[in-house]
Structures are given as C-alpha cells and as structure tokens.
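Participant: no sequence for this one, just the structure:
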C-alpha cells in the first residue's frame, strides 16, 4: 500500500471516529472500537516505515560490502570455495581432537619430552558426556541461533557489514557463530582479515552440511582454549577446579565457559577474579533464555570459585629451546610475518605484542596436536657443556633469597658449522632438586649487552666489505671525548694502529671511529639480516660499536653470527628442528635457504684477524694452542663495570658463544671475556673437537 493511500485510510478512520462521537444514540461502544482501530493503524503504519528503513539500510550495507568484496576478491571466490570444499570433505572427527601428545626427540632418537595439554590423558568428551548447562552456556553467550542457523548468522553478518562500511574497511570482525569459531580454530590462521572471514564462513556452512549440530557442539567444546595450553572442558575442569566435567556446578560451568572468549585475559591461574564478571553475564543470559530457573540463577551467583594451584611445567634447557624453535616454525608455517627492523619504539612494542599473542596460540597447539619433532640436540654434548659451565662457576655459591637459584649465571650455545643447527643450548647453571632453575633459558631468552664480542659482526666485517683491509690504519680515539655534544669526531686524534691490531687488542676507540666512518645505517642491518630480533631504532648510534644495544643479544644469536663467518658469509637459521611431523605423519618442516650476509672474502679475512685474538690478543691467556692443534678464532667481550662477560669463538667444525653474569646486572670484579667465559668456551670446544683432525678455515 502506498504512503498516500495509507494516509487516506487513516484520515477516513479518524473521520468515522469523529462522527461516532457526535452521534449520541448509544455509539460509545462503537467509538471505542474505532479509536482502538485507529491506534493500531497508526502503530503499524509507523512500525512498517521504521522497519522498512532498517531493512533497507541493512540491504544497502550488505550490498555495498558485497560489491566491494566482489570487486576485490571476485577472482579468488572460486578458489576460496574449492579450498573450503576440500578442507571439509577431507575432514574427520579426528581433526577436532586437541588432546594428542606431542613428542620431542634428540638427534640420536632419544625422547626429550612428551607435551600434553590434558596431563597426558584423554580429556575428550562425547556429546552425551558434556554437561547440558555447558552447552546452554555457550549458546547463550556465543551463538543463540546455533540450533537453527546454517553455520553463519545472517543478522550478525549485516551488523559486521555496517561496521565494515563505517570503519572504511578497517573492521571485519565479530558475529562469529560457534561453527565459525570452530572452523577458525581448526583450519585457519589467526590473522584478522576479510579473506580469513570469508573462508571462515564458507567452511562453517560446509561443516554444518556435513556434521550434525550435536557433533559440531561436541567438537567446539573439546577444542575451545581455556588458556595455559588447555583445550576442552574436561581438561579445564581438572586443571583449574580439580574435578571432572560431570562434577561441575552450574556456577563453575559458567565460570569456565567465560574463559575461551579471551583465554589469556581470563587466565584463572594469573587472574582468577577476571572471569567472575563474565560468569555472571553468562548466568544472566542463561536465565533470560529460559535455560535455568531464577532460584538456580541466584544460587549460582553466590557461589565462590576456588582455583587450584597451578602445577609447575618442568623441562630441561634442551627441551625448552626445542619447544621455542618448534613454536616459531609453526608461527611461520601459519603465516606470521617475523620482523627485525622497526620505525620507532612504539612500532617495536606493537610488534612484540602481536608476536607474543601468536606465540602463545601456536604453543598451545604444539601441546595439543600430536606433533613429532626431531631435533639436532646432542644429549651428550648438552651434558658436557652444562658441566663446563657448572665447573667454571662452582666457586659462586650465593643464591637468590626468593628462588634459591644461583645468583651468578651463564649461558652456552653450540652450533654445528656444517648444518648451522644448534646442537646444545645451556640456559643456566644446574642445581639438584630445584625445578625452577629451568624457568629461564638464558641461551635464547637472556638478552644481554654483548660488549666487544659484537665488533666483528657489526663493525669490522662490514668495514672489510666497505673497503678496509687488515693493514688499514685506524685511530684509537678517546670515546668519552667523541661522545661530547658538538664534537667533530673526524678531527679527533688517537693512537695509530692497523685494523688487525685494533681487533686483537679490542681497542674501543678504533671500533668507534671505524663505525663513525662506515655509519650505523650501513652496519646495523648486518645484524638484522641475521635475525637479531631486538635491534631498535635507538641502536643506530655509534655506541653499537661497543655493544651498547638497547636490549642486547643472546648466545644463540651470537653463535649464529660467528658461524656465518665460518660459512663464508652465508647465514643459516639457528634452529634445532630437523623434522616436524603432524599427527598423521606428514612432514611439515622445510629448511630455509642460506642467506648471504657477508662476502666470502670479508668473512675469511675477519676469521684470519680473529685468530690473532687467541694467539697474541686479549684471549692469549686461554692458551688454546697449547691444548689443541685445531685452528680457532674468537673475540672477548666485557661490558662496563664487568657486569657481562662474553667469549664467542669458532673452529672449522663448531661455533660456541658463552655469556657470564648476574640476572640482575651487577659488577663482578674478576669477570672479563678472557676469564670465566673463555674458560667455559675452551672446555666446551675441547669436548666438541676431541678426535677431530686439524684443518683450517676455508
């Protein structure tokens, strides 16, 4: 009916009402009926026009988004559809099990660890074993149209379309049904993009066609992440509350069902009270939807939730490093883009947040998906290098008052130069009957100022590529004078010496003046090319010549940098992964291609110079030539006030980096790169090279 006819009809009815009112022969009743009729006529008239504009607006927004998506992704639509068809047609119920045990093996096949999100036991619940309140809780809070939708929520999509238009294409999130969340968890990456949203919806529709609603709900509840690498309601109930799922109260169920929305934010071990507010909302929604009675609702609100104490995760250093390498590889496999250069500190911190979020998600999958991981870790080498560190620091028995862990610490990383793989990663001193000693693996987590040990990588090898030679005259200028505001560094004088001598004697002024000449903007990218991941814009200063980095470096990074010199400037990713297979035995791991960082000539010359550090330089007191006829090269490093000591050295066979210091930096007067670090390096390298022939670098 047209707007004009609607108006005419209303006016006609109102005229009849007026005439009835003027008629006094008992027309009161007719007047009442007609007045009511006029009211409803007006009501439905305005309702229709209001709804019409809402519907029309939704149609326009949806159409606009559809046109945009068609223009941008029309050519890809068929491939998306084929991908969704293939994924779902090949799917089985096994895809939705998140309680598989993952195994890590050493190079010789020995098992290093068994990783599990469910305590090593099956925590999978069949639909009939899932508490009805849990099903209703998830429906009430996540997807009220679950039982009747086709895998997607059309109204929700219209709402997302509106947000998409209003945000000018920046926002394409929300309105995910339970089935969409399931498809995202199992089959898609974690990126927030339009493409992922389209694929998510396509897969969700096909899952709904293939599986029953009961099966989808079963899959969803068993794959939901409850933080801390815990998947599924049964595992969560045992981990946080110490009971099985069938023993949970209504309040406990609502509390647990709050966690998957933001697992780390609602982590009960770290923030037990955060989920209470969402628990109350879930209970309210369940009551509003008629799933629970008023009395049950009120009783559940009053119930106190008591969280169990978290059980400690105990693994040794080689296992924690293997887990780290496996998680990073899964991140790369699933589309995470690693970055090593940043525009400013804010950019760096934003990247770190995204990195940590992606790392946490992939680590949870590693613990739940039944991977089989083979590493390059040699258990006998790990033990020998651990012993070398322990023996050389045995004199320092002071422990931390809170943790009882030794105060003076160290880290050692060994790399096989032939493969570029890490064969041992010692993250600290060992202590008997003290599991928390392994909570920090300093080999890859301990970022410290590298001192002069960084000079070959960031100053001298780049300088050799810049045109310097071992005989180039350099000047050991006064660094403090050079750091004064307004000083013309090129005009400063200092002791003249050859570049070779400056390296051997570790002259800071020479390194500072050379970096001034070649410029930090030229030199620092050599580090970022080798995945030194905490190089920030504030590091692009002359202080980098002396190891003055904002965050520092690890022994894994330093060993890898020195190994790059041995391999004639070719950098190899310093991972320990050699094979990573999924639960079906499919090989997922592929080696990264080596990357040329330094020229072969610069690398060979740099190694030749570094030989002199051990024979007549700062590390001559180590006496390497008196205990081995294998060629070796290296560099000492000591930071201000002897807070950090380093020795990074190589033979043609292996590269080893050693750091010694306190976790909370403080002075140790006897700490120099040539003291404890050099001794640990010597003991480690002697073990590694025993029985090997005497050869020189290429």
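Facilitator: Yep, it's here. Fair warning: this is a prediction, and the values are worked out from it, not measured in the lab. Numbering: from 1, shown residues only.

Participant: quick one: stretch 434-442 to chain centroid distance?
Facilitator: 20 Å (Cα atoms, centre = their mean, to the nearest Å).

Participant: For that stretch, buried residues please.
Facilitator: 437, 438, 439, 440, 441, 442 (16 or more other Cβ atoms under 10 Å). The C-beta positions use only the backbone N, C-alpha and C, and glycine is treated the same way.

Participant: in the protein, what secondary structure element scores lowest on mean pLDDT?
Facilitator: In the chain, no helix or strand scores lower on mean pLDDT, DSSP states H and E than helix 3-22, which sits at a mean of 52.

Participant: Check residue 572 and give its pLDDT.
Facilitator: pLDDT recorded at residue 572 is 97.

Participant: burial of residue 228, as a residue count?
Facilitator: 24 (other Cβ atoms under 10 Å).

Participant: go on, residue 386?
Facilitator: Neighbour tally, residue 386, other Cβ under 10 Å: 21.

Participant: ok, the closest residue to it other than its chain neighbours to residue 692 distance?
Facilitator: Spatially, and ignoring its direct neighbours in sequence, residue 386 is nearest to residue 426 (5.1 Å; Cβ to Cβ, 6 or more residues apart in numbering). According to Cβ to Cβ, to the nearest Å, residue 426 stands 21 Å off from residue 692.

Participant: before we move on, what about residue 250?
Facilitator: Distance from residue 250 to residue 692, by Cβ to Cβ: 68 Å.

Participant: tell me the contacts of residue 428?
Facilitator: 317, 389, 405, 406, 409, 410, 411, 437, 438, 440, 441, 442 (Cβ atoms under 8 Å, 6 or more residues apart in numbering).

Participant: from these, which single one is nearest residue 101?
Facilitator: residue 438 (20.5 Å; Cβ to Cβ).

Participant: Report the contact partners of the closest one.
Facilitator: Residue 438 neighbours (Cβ under 8 Å, 6+ apart): 314, 315, 316, 317, 320, 427, 428.

Participant: And for residue 565?
Facilitator: So residue 565 contacts 456, 457, 461, 598, 603, 606, 607, 610, 650 (Cβ under 8 Å, 6+ apart).

Participant: So residue 657: helix, strand or coil?
Facilitator: strand (DSSP: H, G, I helix; E, B strand; the rest coil).

Participant: Neighbours of it, how many?
Facilitator: Neighbour count for residue 657, taken as other Cβ under 10 Å: 33.

Participant: so it touches residue 646, yeah?
Facilitator: Yes - between residue 657 and residue 646 there is a contact under Cβ atoms under 8 Å: 7.2 Å.

Participant: if we can go back for a sec, which of the contacts of residue 565 fall in strands?
Facilitator: Among those, DSSP state E puts residue 650 in strands.

Participant: Now flag whichever of the contacts of residue 565 is closest to residue 638.
Facilitator: Among these, and counting by Cβ to Cβ, the member closest to residue 638 is residue 456, at 15.2 Å.

Participant: and the closest one, what is it in contact with?
Facilitator: Taking Cβ under 8 Å, 6+ apart as the test, what residue 456 contacts is 503, 562, 565, 606, 609, 610, 635.

Participant: Equivalent analysis for residue 240, please.
Facilitator: Contacts of residue 240 by Cβ under 8 Å, 6+ apart are 226, 256, 268, 269, 307, 308.

Participant: how about 6 Å then?
Facilitator: By Cβ atoms under 6 Å, 6 or more residues apart in numbering, residue 240 lies in contact with 268, 307.

Participant: I'd like the distance between it and residue 247.
Facilitator: Using Cβ to Cβ, residue 240 is found at 13 Å from residue 247.

Participant: pLDDT averaged over stretch 421-440 - what is it?
Facilitator: Here the average pLDDT along stretch 421-440 is 91.

Participant: Quote the end-to-end distance of that stretch.
Facilitator: For stretch 421-440, the separation between the terminal residues is 21 Å (Cα to Cα, to the nearest Å).

Participant: all helices of the stretch 201-350 of the chain, in order?
Facilitator: 213-223, 233-236, 250-258, 274-288, 294-302, 317-333, 345-366 (DSSP state H, counting those that start in this stretch).

Participant: any idea how far the second one is from the chain center?
Facilitator: Going by Cα atoms, centre = their mean, the spacing between the C-alpha centre of helix 233-236 and its chain's C-alpha centre is 24 Å.
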